[in-house]
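Asks: take this sequence and fold it.
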Amino acid sequence: LKIAVKDAMQTKILWGSPEESVQQAINKMQQADTAYMLIGRDGTAEAIVSTYDLAGAVSIYLKPAFAKWRSPADDATLQIRLKWIMTRTLQTIKSDNTIEDAMEMMCKTGLRCLAVLDDNGRVAGLITVFDIMKLLLKKDSANLSGHSLQAAAAV
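Replies: Residues are numbered from 1 along each chain as shown. Here you go, the predicted structure:
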């Protein structure tokens, strides 16, 4: 857990504007295959939008199971601007902090994603709970492989 955040973070960041619509964000996030989009530009983020934020903004009647009750007002929820639903309290962590630091911050804040800042205070990436789980699984499987090799050598 003493591994630096920069060694586990995602460096491919999707950026958006507060004036974009929910529909535009959904499309961009699906194309980029990501669950998070930073709001801002030039390496400076003012907020974040997650797929959870988007799901909470759109009408439930847009789901196929409820299509027969759908109305024009439901379609209008896709035009809501991100500035009304984005999470403005963007939690950040420095790239040289440890994974343990990131886990502690996520536990304290209840967030699943942190923006990672470089030495100049600009966004360099994102670290999510899934990035941390992948890292732990990889580390655990490497430990298991090492133990298997040691056991085989002892025989």
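Asks: so where's the protein uncertain?
Replies: Where the chain drops to pLDDT under 70, the residues are 142-155.
Asks: can you tell me how far the closest residue to Leu1 other than its chain neighbours sits from Thr89?
Replies: Spatial nearest neighbour of Leu1, chain neighbours left out: Glu100 (3.9 Å); criterion: CB to CB, 6 or more residues apart in numbering. Just so you know, the C-beta spots here come from the backbone N, C-alpha and C atoms, and that holds for glycine as well. Noted for Glu100: a distance of 22 Å to Thr89, by CB to CB, to the nearest Å.
Asks: about what we covered before: list the helices and strands the helix or strand where the residue nearest to Leu1 lies packs on?
Replies: According to DSSP states H and E, Glu100 maps onto helix 99-109. If contacts are counted by 3 or more CB pairs under 8 Å, 6 or more residues apart in numbering; DSSP states H and E, helix 99-109 sits against strand 92-94, strand 113-117, helix 129-154.
Asks: so what strands line up beside the shortest one?
Replies: According to DSSP bridges, strand 92-94 forms sheet pairs with strand 113-117 (parallel).
Asks: now the strand it pairs with: how far from the chain's centre is it?
Replies: Relative to its chain's centre, strand 113-117 lies at 9 Å (CA atoms, centre = their mean, to the nearest Å).
Asks: so that it lines up with my notes, have the first residue be 32 from now on.
Replies: With the count now opening at 32, the last piece we talked about shows up as strand 144-148.
Asks: taking helix 130-140 as reference, get the angle to it.
Replies: Going by axes from the mean of the first three to the mean of the last three CA atoms, to 10 degrees, strand 144-148 is angled at 130 degrees with respect to helix 130-140.
Asks: outside of strand 144-148, which residues touch it?
Replies: Applying CB atoms under 8 Å, 6 or more residues apart in numbering, the contact partners of strand 144-148 are 36-37, 40, 66-67, 69, 76, 79, 81, 121-126, 133, 136-137, 154-160.
Asks: give me the buried subset of those.
Replies: Among the contacts of strand 144-148, those classed as buried by 16 or more other CB atoms under 10 Å are 36-37, 40, 66-67, 69, 76, 79, 81, 121-122, 124, 126, 133, 136-137, 154-159.
Asks: that'll do, ta.
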